[in-house]
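Enquirer: Need a 3D model of the following:
(chains A, B, C and D)
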4 protein chains.
Amino acid sequence: MIIPFHVTEMLRRVQRKFSTPDDKKRLQPRSDTHSPFRPVRSATRASVLRYWKRLAADVETQNALADEETLATAEKYSANIESFIGTVKMPIGLVGPLRINGVNASGDYAVPLATTEAALVASYARGALAASRAGGVSTAVLYEGVLRSPAFIFDGLYQAGQFVDWVVTNIDALKAAAEATTRYGKLVSLEPMIDNNIVFLLCRYTTGDAAGQNMVTIATHALCEHAAAHCPVAIKKWYVEGNFSGDKKASSLGTLTGRGRKVSASVTLPADVVESVLKTNVREMLDYGRVANLGSLLSGQLGAQAHYANGLAALYIATGQDAACVAESAVGFTRMESRGDDLFCSVTMPNILVGSIGGGTGLPSQSASLRVMGLDGPGNGAALAEVAAALCLCGEISIVAAMSAGHFTNAHEKLARRRGA
Amino acid sequence: MIIPFHVTEMLRRVQRKFSTPDDKKRLQPRSDTHSPFRPVRSATRASVLRYWKRLAADVETQNALADEETLATAEKYSANIESFIGTVKMPIGLVGPLRINGVNASGDYAVPLATTEAALVASYARGALAASRAGGVSTAVLYEGVLRSPAFIFDGLYQAGQFVDWVVTNIDALKAAAEATTRYGKLVSLEPMIDNNIVFLLCRYTTGDAAGQNMVTIATHALCEHAAAHCPVAIKKWYVEGNFSGDKKASSLGTLTGRGRKVSASVTLPADVVESVLKTNVREMLDYGRVANLGSLLSGQLGAQAHYANGLAALYIATGQDAACVAESAVGFTRMESRGDDLFCSVTMPNILVGSIGGGTGLPSQSASLRVMGLDGPGNGAALAEVAAALCLCGEISIVAAMSAGHFTNAHEKLARRRGA
Amino acid sequence: MIIPFHVTEMLRRVQRKFSTPDDKKRLQPRSDTHSPFRPVRSATRASVLRYWKRLAADVETQNALADEETLATAEKYSANIESFIGTVKMPIGLVGPLRINGVNASGDYAVPLATTEAALVASYARGALAASRAGGVSTAVLYEGVLRSPAFIFDGLYQAGQFVDWVVTNIDALKAAAEATTRYGKLVSLEPMIDNNIVFLLCRYTTGDAAGQNMVTIATHALCEHAAAHCPVAIKKWYVEGNFSGDKKASSLGTLTGRGRKVSASVTLPADVVESVLKTNVREMLDYGRVANLGSLLSGQLGAQAHYANGLAALYIATGQDAACVAESAVGFTRMESRGDDLFCSVTMPNILVGSIGGGTGLPSQSASLRVMGLDGPGNGAALAEVAAALCLCGEISIVAAMSAGHFTNAHEKLARRRGA
Amino acid sequence: MIIPFHVTEMLRRVQRKFSTPDDKKRLQPRSDTHSPFRPVRSATRASVLRYWKRLAADVETQNALADEETLATAEKYSANIESFIGTVKMPIGLVGPLRINGVNASGDYAVPLATTEAALVASYARGALAASRAGGVSTAVLYEGVLRSPAFIFDGLYQAGQFVDWVVTNIDALKAAAEATTRYGKLVSLEPMIDNNIVFLLCRYTTGDAAGQNMVTIATHALCEHAAAHCPVAIKKWYVEGNFSGDKKASSLGTLTGRGRKVSASVTLPADVVESVLKTNVREMLDYGRVANLGSLLSGQLGAQAHYANGLAALYIATGQDAACVAESAVGFTRMESRGDDLFCSVTMPNILVGSIGGGTGLPSQSASLRVMGLDGPGNGAALAEVAAALCLCGEISIVAAMSAGHFTNAHEKLARRRGA
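Expert: Here you go, the predicted model:
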């Protein structure tokens, strides 16, 4: 049979869902009454309880999300969410102290990770122990800049060219218009990309200590409005974002030029640390590293790494970052090489989007997580990015060690044992 | 100056960090005493409090994470995290009811989204309203299969070929070995990929109602052990995962063949719904859709979409899914086309990794979120995947509408207004 | 200045082209008389000369393309080109004999390479010498299958699903319809890919000794017609190729699953061969190999290799293959690893599209090139693919050696010296 | 059976090759005598004949490659090839005159295409006729710059940073060193990319009328030597190319930022031209265009287009360009959109690598092809690039028309009819 088995198997399952004549209507639109939830912008105890009344859930369910503490502090969440009904409680595990020798982060950091995946915290902790024993992780922010990429539509190629000419000539005014909207954002690069009658402007901003996604949107909107108001070339239409910036998704652009902060982190693990802490040896880790690199290439990853997403998601959630940015942040390049008898390990991550202010960083428990690291508030954005990269390095070290030694499955089996599979 | 400005600007900033001779040692390993946190597997009130004693945080910080409710239920988290110190509280907003006409999901769903990003819930709610007014989202799981890709290393190409021959001949025994480890997992496809002396086996499993990442690891480990024990060809080394499966990262493999569940969801929005609910019109949305598609292509996305990651991260966190899987799930293909005067919209997402059992789904607040949707426990894995895709469709509709109408910036500006930028 | 210098520099140059008011019309359509060349399908001396009369070129130009030999044999080219006006003469250099120990190719091969790039033949010859001194290149075709991917459009997802169900049920008839059009083509796999209301069928064929691009088009057309005639589900439209197969372009699909023949080739170079033939050493080659691999990853190649395209283009042109297929063939994975003191080198190339029959292989000089290798005519398709991979391996060895030793620039400088730069 | 059929089918075929015990040695190195061809740098009639004596081919074979004309002019090829044994004759078909309204190319161009693939010339000619009837192709070079990306290796991240600092400070001297090697090459951009201890310098040059690959290698070599001689930071090793530039391969870097010349070309086809020349209609072409775009995305192309490689390979070969560059040139973005009742078509191709001087452009028949277009010699590089893009636009128009009308298969079937399949 030249049709793959899993295709026929899937069909068999679908067929069971369509056994009666009525089933054929299963996918069709329905016109019976639909009553949407009423949106609420400013949450209060009362607004939360109104939703629960409508939901008609059992008490246990309601209390699990809308507990007394959450109800009492409902107002605090209003700048971060709409139609608020409660909070989900994500457990936090502690990793470290992770020793970091960075341009911006310097010291031994207690790192809080929020996850529901057994073995994750234990694995990162093991990597952190190895790295710290080796003297700590060297790290530096190499590059900085959050992108917005507005698109401008013209009649044709000629007008697109004229527009670019106008932009270049008027760059100072455009920059001023953008920066007038923000105290912290600075437009540090603007590069036009022309596709015939469409011009994308790649606007790259530094954003101070904030992740800065909203900041750059507002600034770019102002830049576009300035262009629309002053440019003599007829603009048929403009959009503040042409879906080019890589916002919230893995892209070649982000992998190549970075979005947010590009950070490199490295450590050289002495052979004895590899053996005592990681229960494997340098050669075994290098051997697996080569295979993993080949797997990355063959499967068409953007970048080549093992599981940055695990550490990033856990750190982003714990500290009030935008968890959706994991989609763009979890790309980069892990390297492992011999240095004499020892093992050099590095990660270079071009898309770390974190802030020590803004977003969810000011919410009570998220802010507490930042305080545990000593990285809350102004002045800590770059250091936080270095911690993120150093953390991911620890995760790479740990998983490569586990894979090389054949321990990966056991670790997961044991730590998730209470749940069953 | 042929060096880009942002490079010189960055250098200027780094130089300030290296102004004194001592600064030069900033990146070097340090050998002062390092005392790691002691790992704790089974959390208790006492174990949590011990960590906080060591952290020496202020009371407010400690209480924000290790509140009384968390302390009282510390044991419940032990199968999901190590070195537990508390919980982070992520606010949940309510979207819907979202009308879904799916092969597996059928009805009007109250969808809880956990996020700290202002405007996200409001935006998805708007899309959900439009889709529901249009009769609801048609959706179907098209494909199913979680991958593990063990790697086997041989002396050379000849032995690699002999091994593949042996695998094909012994496929029934290998399948039996894998499936003996799990009640739900079924090996539905095994495809060898040879790179000279290295053979990756792409093992694809259905995993019942669980996301199944641990399940397939354990099953594949057993498969590998069976091969290692019985295959007459000398295996130099094997690894349970050759970093080929796309686990926790965006990859071409996942984009092409899917990992987890591949789901398609669509709705045709009548012109009047576009105008009344979305405050734009069909032509404007199509116009922007083309530009956004071009932006996707030019920036080298895997797939072409706007912001699946937002909806997925929020749903995954609310319902106890693995948030790190957003990295692999947030790829796919959004289409918008005219159907007469109306607007056809679809998303096809090849990598949705969700379960209604396992992972964090059994934790108190996460389980409550699933109950709000009526999708907790056995029998609901496929339906949950269809909800995820339908939700992402709503997000795509809403953002394309906002961009096309020029409302995107304002919406974000207003809803995050209390925070400042 | 935040605009990159090269952008402003480019603008400066464009501006010079638009200095007069008339220049503004430069890009506009023109309506003056246009008299197209008359198409000619069956070339003759007379038809060629008619074109030259119209072209009104000088004698030297005409004779360089329409030389006497070409005129005398014009008819021979009629099945390979339309509107024939002459031949371009591409110089061929000889590489080898390249020792190959393959599943299909076995022996010492004189390899003719057509190129106008100085140093190319010398570089491949050097690699071939090293590989042959090491005992020759081991190689095997691992996989075979040329893809066509017709697309079928339906009203919606439900109908798309029904169609797939019908295809699976009627696969034998579809296969028969396809194979009825060809003596050699066999449909060995058919996999449906659904994107909501659109179904792509990935049809994979073995094509005997031909590259087979036309063969699979004709077979797939018949398959589609059979489906259109017999399937009870209403097909709104079908296309014989949905631009999914990777035909004539680099794609993730091709890189992952292959199109044409997937071939792996390897050799272990003794340390002394590296030193005596390649004038470098194993460690230096490994060091550069790691950097080159990183460069591949960072720049977002499909695969990771140095310059397959050079060898492939030269071999394809010399032997009458489709040179445009270089776009899809020139992807794959080069590996270099230490084996004790020696150097293991391999290439795995998933998209080699060659035939020993069909296409341009029967033309006089192209056929002669195949005869030089002893690979003309039926029975030699797989061997030719193995030669192609072995050749590319030689190219990789040579360039990595040259880069590692710092000889790359000099080699090119010397061999192109007569031309100036 | 969960193993794909084509895998088992392939194995069956391989097994036949290993039926005897001796077959097992098939892939092993052989040590019998190997006598390499002696390299020849300066070809003469005698040197060519010496090779043929060694090859011991039949007279017909020898004459097909080493014909009298080739023997008589052997010396002319010496700057373009080593170990010269003859010439392969590739047939050329004529397309046009193609009307082009470009910034650099302006007029009606007779375009010579070298190919052995039936239907290619006819198809491009049809597209050219449609475009010319519509008033011609508007086109412009948007961007220019050939990349070299040397890599510098350091002890660590700190030294890498110091090096970048030195480069920025000494950029004028580095630029001078590079430009001292060439009359035409100008270094217009230098961007450092750091991966921990490795620094790639993306050097972008304009190269006058040459494609310029050797030119930028030599210039970059000088730049590196200057850095190595003067930089106070210890460089452990440097390589003139870190495999980052995208030279001879499709890469995200090239797709995003371009290598060589980035050219956009467009035409708006009146509805009646679509009907009369292309035998289809605007709506049908748009419908197929959307499907083809989806196919591009789903299969993971770099860019989205149908078959640039066909036109590019044919033009590159006819005019003495580097045919291997098709691998990098054949990426880009084709768009088709409605403009009222008419059809807007554009291609934007970021990697066109052509020259009107240098490479193979000075060889007799290649130079003749350039003269046929009036684009030989100095001053024509940019115009040639615009012709290349305009040509590819014609190819896209023609194939989309054929696919949309269902004529694709027939066209190929008829024109290759004399060969059989």
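
Enquirer: interface residues of chain A facing chain D?
Expert: A:1-2, A:4-6, A:138-140, A:142-143, A:156-158, A:161, A:194-197, A:252-253, A:255-256, A:264, A:266, A:300, A:333, A:335, A:346, A:348 (CB under 8 Å from any CB of the partner chain). For the C-beta atoms, the positions are set from N, CA and C on the backbone; glycine is no exception.

Enquirer: Quick one: buried ones out of the residues you listed?
Expert: Neighbour-count burial (16 or more other CB atoms under 10 Å in any protein chain shown) is assigned, among those, to A:2, A:4-6, A:138-140, A:142-143, A:156-158, A:161, A:194-197, A:252-253, A:255-256, A:264, A:266, A:300, A:333, A:335, A:346, A:348.

Enquirer: Report the buried residues of stretch A:42-51.
Expert: A:43, A:47, A:48, A:51.

Enquirer: Would you convert those residues into a markdown table that also reports pLDDT?
Expert: Converted to a markdown table, these look like this (pLDDT from 0 to 100):
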| residue | pLDDT |
| --- | --- |
| A:43 | 96 |
| A:47 | 97 |
| A:48 | 97 |
| A:51 | 98 |
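
Enquirer: of the residues you listed, closest to chain B?
Expert: Lowest distance from chain B to these (CB to the nearest CB) belongs to residue A:51, with 5.7 Å.

Enquirer: Can you name the residues that contact the residue nearest to the spatial centre of chain A?
Expert: In chain A, the residue lying closest to the centroid (CA atoms, centre = their mean) is residue A:326, at 2.2 Å. Residues near residue A:326 by CB atoms under 8 Å, 6 or more residues apart in numbering or on different chains: A:309, A:312, A:313, A:316, B:309, B:313, B:323, B:324, B:326, B:327.

Enquirer: tally of neighbours for the fourth one?
Expert: Under the neighbour criterion other CB atoms under 10 Å in any protein chain shown, residue A:316 is assigned a count of 31.

Enquirer: In which helix or strand does it reside?
Expert: Per DSSP states H and E: residue A:316 is located in helix A:308-318.

Enquirer: May I have that helix as PDB, with CA atoms only?
Expert: Written as PDB, here are the backbone C-alpha positions of helix A:308-318 (Å, rounded to 0.1, in the frame of the first residue of the first chain):
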ATOM      1  CA  TYR A 308      15.900  26.900  24.900                       C
ATOM      2  CA  ALA A 309      12.100  27.000  25.000                       C
ATOM      3  CA  ASN A 310      12.000  25.200  28.200                       C
ATOM      4  CA  GLY A 311      14.100  27.600  30.200                       C
ATOM      5  CA  LEU A 312      12.800  30.600  28.500                       C
ATOM      6  CA  ALA A 313       9.100  29.800  28.900                       C
ATOM      7  CA  ALA A 314       9.700  29.100  32.600                       C
ATOM      8  CA  LEU A 315      11.600  32.300  33.200                       C
ATOM      9  CA  TYR A 316       9.300  34.400  31.100                       C
ATOM     10  CA  ILE A 317       6.200  33.200  33.000                       C
ATOM     11  CA  ALA A 318       7.800  33.500  36.400                       C
END
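
Enquirer: Please save the CA atoms from whatever helix or strand comes next after it in PDB.
Expert: Moving toward the C-terminus from helix A:308-318, the next helix or strand (DSSP H and E) is helix A:326-329. What follows is helix A:326-329, C-alpha atoms only, in PDB (Å, rounded to 0.1, in the frame of the first residue of the first chain):
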ATOM      1  CA  VAL A 326       9.000  32.300  23.400                       C
ATOM      2  CA  ALA A 327       8.000  31.600  19.800                       C
ATOM      3  CA  GLU A 328      10.600  34.100  18.600                       C
ATOM      4  CA  SER A 329      13.100  33.900  21.500                       C
END
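
Enquirer: after helix A:326-329, next one along is what?
Expert: strand A:332-339.

Enquirer: now for that next one, which elements pack on it?
Expert: If you count contacts as 3 or more CB pairs under 8 Å, 6 or more residues apart in numbering or on different chains; DSSP states H and E, strand A:332-339 packs onto helix A:282-298, strand A:303-304, strand A:342-352, helix A:381-405, helix C:282-298.

Enquirer: Relative to chain B, which of those is closest?
Expert: helix A:282-298 (3.5 Å).

Enquirer: what about the closest one, near chain B?
Expert: Yes. Figure legend: helix A:282-298 in contact with chain B (CB under 8 Å from any CB); contacting residues A:287, A:288, A:291, A:292, A:293, A:294, A:295, A:296, A:298.

Enquirer: pretty sure the first one is touching residue B:237, no?
Expert: By that I understand residue A:287. Yes. The pair residue A:287 and residue B:237 qualifies as a contact (CB atoms under 8 Å) at a distance of 6.7 Å.

Enquirer: Now for the two: what residues contact both?
Expert: The contact lists of residue A:287 and residue B:237 share residue B:153, where a contact means CB under 8 Å, 6+ apart.

Enquirer: So which of the buried ones among the residues of chain A next to chain D are in helices?
Expert: A:5, A:6, A:157, A:158, A:161, A:252, A:253, A:255, A:256 (DSSP state H).

Enquirer: Mind picking the two most distant members of those residues?
Expert: The largest separation in those, counting by CB to CB, is between A:5 and A:158 at 56.1 Å.

Enquirer: Tell me the confidence at the residue nearest to the centre of chain A?
Expert: Looking at residue A:326, its pLDDT is 97.

Enquirer: Relative to residue A:265, how far out is it?
Expert: 18 Å (CB to CB, to the nearest Å).

Enquirer: Check residue A:277 too.
Expert: Distance from residue A:277 to residue A:265, by CB to CB: 18 Å.

Enquirer: My guess is residue A:182 contacts residue A:217. True?
Expert: No. Applying CB under 8 Å, one finds residue A:182 not in contact with residue A:217, separated by 10.4 Å.

Enquirer: The two: which is more packed in?
Expert: residue A:217 (24 against 21).

Enquirer: Can you list the buried residues in the helix or strand harbouring that one?
Expert: Per DSSP H and E, residue A:217 falls inside helix A:213-230. Buried residues in helix A:213-230, counted by 16+ other CB under 10 Å: A:213-224, A:226-227.

Enquirer: Please name every helix or strand in contact with that helix.
Expert: strand A:137-148, helix A:171-179, strand A:198-206, strand A:237-239, helix B:408-415.

Enquirer: among those, which gets the worst mean confidence?
Expert: Taking the mean pLDDT of the helices and strands packed on helix A:213-230, helix B:408-415 comes last: a mean of 79.

Enquirer: Domain-wise, how is chain A divided?
Expert: A:93-144+A:260-417, A:150-239 (automatic domain parsing).

Enquirer: re earlier: and chain B, which of the ones in helices among the buried ones among the residues of chain A next to chain D reach it?
Expert: A:5, A:6, A:252, A:253, A:255.

Enquirer: Go ahead and confirm the last one touches residue C:300.
Expert: Yes. Counting by CB under 8 Å, residue A:255 does reach residue C:300; the two are 6.3 Å apart.

Enquirer: Find the residues that touch each one of those two.
Expert: With CB under 8 Å, 6+ apart, residue A:255 and residue C:300 have common neighbours A:302, B:300, D:252.

Enquirer: Pass me the low-pLDDT residue ranges in chain A, would you?
Expert: A:416-421 (pLDDT under 70).

Enquirer: What pairs with the longest strand anywhere in it, parallel or antiparallel?
Expert: Determined from DSSP state E, the single longest strand within chain A is strand A:84-102. When pairing is defined by DSSP bridges, strand A:84-102 lines up against strand A:106-114 (antiparallel), strand A:137-148 (parallel), strand B:84-102 (antiparallel).

Enquirer: by how many degrees do it and helix B:308-318 diverge?
Expert: 100 degrees (axes from the mean of the first three to the mean of the last three CA atoms, to 10 degrees).

Enquirer: circling back to that earlier point, of all the ones next to chain B among the ones in helices among the buried ones among the residues of chain A next to chain D, which comes closest to residue C:392?
Expert: residue A:252 (25.0 Å).

Enquirer: Much appreciated, bye for now.
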